[in-house]
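Peer 1: would you be able to build a 3D model of this:
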Amino acid sequence: MTLNEIGELLRRRREELGLSLRDAQTATKIRWRYLEALERGDDSVIPGYVYAKGFLRTYAEYLGLDGWALVEAYKQVREGPQAAVQRPDRGRSRRVREGAAPAAREGPVQSPVRVGAAPLTLPARRPPAGRRRGGGFYGVVLLAVLLAAALISAYYLYLAAQQPPDTAQARGGPAAEEPSGQPAETPRPEPPPEPAEPDPEPAVRYTVERSGSTITYRLTAPALAVDVAVESRCWVRVEADGAVVSETTLQPGQRVTWRAEETLRVRVGYPPGIRLSVAGTPLDLNASDPVTLVFVLDS
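Peer 2: Residues are numbered from 1 along each chain as shown. You can find the predicted model right below:
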């Protein structure tokens, strides 16, 4: 299949559905001139090969076509017959923007409509690791109490060793009587030092799971808020708790924060261009090709 054939398939399908390029732009958040270029089979106006594949898949799935099949055909045109597109795990793939392909305005639809993605299934929550460490905490407290008792005993032994012996008793004579008046004051021992408290546990912990082009972060944190520092130009699409909240191209030097109640799902076009952190804790992002990031907040 050539680029012109791919573009003709997109244009014919859009016209069958009775949609304009402006309608498609509003639904997909892709500029109409890029959609028009895809229909002409001209990808020279699209800013980069990665963006062209992303725009093609999103537009095809919006029209009810198989986006991954068209991306595979496009990749074979650009990279040769040996190139292939690896489909993500369909049980965990992202949901298509706006839910499914749009309905036709009038007239019969000749092309078959296929669902672009399966609904997202969230993994079962696991209890946080911090709640299973009660035994370790009491052990630290017991050790601190024993250490404090040993320090007190050593201090009193030190005071007894520092007291001079009675002169009369040392010579074998009777002990001298104390003169009348105020009795001699006995020095009071200093209070023992306070036992050291155990170091607090870090506020943020996370684990990383990789499956194909999907990376899942399971976070134990006060809130699900991912801070992003942009080093190179990077296209992203952000879904917060199942709803698309942003699709944009981040610029170098820009800083943004993605927030959600339970789950964030982010498609990143150029992973080396961004740095991620949660509450000041850096997150490991070891990827060079487009990837889907899933952030899950464990209660």
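
Peer 1: now the element after the helix or strand bottoming out on mean pLDDT in the chain, going C-ward?
Peer 2: Across the helices and strands of the chain, mean pLDDT, DSSP states H and E gives its lowest value to helix 167-171, namely a mean of 46. For helix 167-171, the following helix or strand on the C-terminal side (DSSP states H and E) is strand 205-211.

Peer 1: wouldn't Met271 be in contact with Asp284 here?
Peer 2: Not Met; residue 271 is Pro. No. Applying CB atoms under 8 Å, one finds Pro271 not in contact with Asp284, separated by 11.3 Å. Yep, even glycine has a C-beta here, placed from its N, CA and C like the rest.

Peer 1: any stretches of the protein with poor pLDDT?
Peer 2: Counting by pLDDT under 70, the chain shows low-confidence ranges at 82-136, 163-185, 187, 195-202, 299.

Peer 1: what about 50?
Peer 2: Along the chain, segments meeting pLDDT under 50 span 85, 89-134, 167-170, 173-176, 178.

Peer 1: for the chain, which helix is longest?
Peer 2: Longest helix in the chain by number of residues, with DSSP state H as the criterion: helix 134-162.

Peer 1: what are the buried residues along stretch 229-236?
Peer 2: Residues of stretch 229-236 classed as buried: 229-230, 234-236 (neighbour count, 16 or more other CB atoms under 10 Å).

Peer 1: ditto for stretch 2-11
Peer 2: Neighbour-count burial for stretch 2-11 flags 3, 6-7, 9-11 (criterion: 16+ other CB under 10 Å).

Peer 1: so which of those are in helices?
Peer 2: Counted as lying in helices by DSSP H, out of the buried residues of stretch 2-11, are 3, 6-7, 9-11.

Peer 1: in CSV, list those along with distance to Arg210.
Peer 2: Output for these, formatted as CSV (distance: CB to CB, whole Å):
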residue, distance to Arg210
Leu3, 33
Ile6, 31
Gly7, 35
Leu9, 34
Leu10, 33
Arg11, 38
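
Peer 1: just name the closest of these to Tyr62, please.
Peer 2: Nearest to Tyr62 out of those is Leu10 (CB to CB; 10.0 Å).

Peer 1: now name the helix or strand holding the nearest residue to that closest one once chain neighbours are set aside.
Peer 2: Residue nearest to Leu10 in three dimensions, not counting chain neighbours: Glu39, with 5.1 Å by CB to CB, 6 or more residues apart in numbering. Assigned by DSSP H and E, Glu39 belongs to helix 32-40.

Peer 1: now do Thr257
Peer 2: If you go by DSSP H and E, Thr257 is part of strand 255-260.

Peer 1: and Tyr51, by the same measure?
Peer 2: Assessed by DSSP H and E, Tyr51 sits inside helix 49-62.

Peer 1: can you give me how far the strand holding Thr257 is from the chain middle?
Peer 2: 11 Å (CA atoms, centre = their mean, to the nearest Å).

Peer 1: so what touches it?
Peer 2: 223-230, 238, 240-241, 246, 250, 264, 266, 295, 297 (CB atoms under 8 Å, 6 or more residues apart in numbering).

Peer 1: picking up where we left off before, name the residues of the helix holding Glu39 that are buried.
Peer 2: Residues 34-39 are the ones in helix 32-40 that count as buried (16+ other CB under 10 Å).

Peer 1: okay, the residues you listed in JSON lines with distance to Gln76 next?
Peer 2: Listed next are those as JSON lines, based on distance: CB to CB, whole Å:
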{"residue": "Tyr34", "distance to Gln76": "21"}
{"residue": "Leu35", "distance to Gln76": "22"}
{"residue": "Glu36", "distance to Gln76": "23"}
{"residue": "Ala37", "distance to Gln76": "19"}
{"residue": "Leu38", "distance to Gln76": "16"}
{"residue": "Glu39", "distance to Gln76": "19"}
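
Peer 1: pick out the most distant pair among these.
Peer 2: Tyr34 and Glu39 (10.0 Å).
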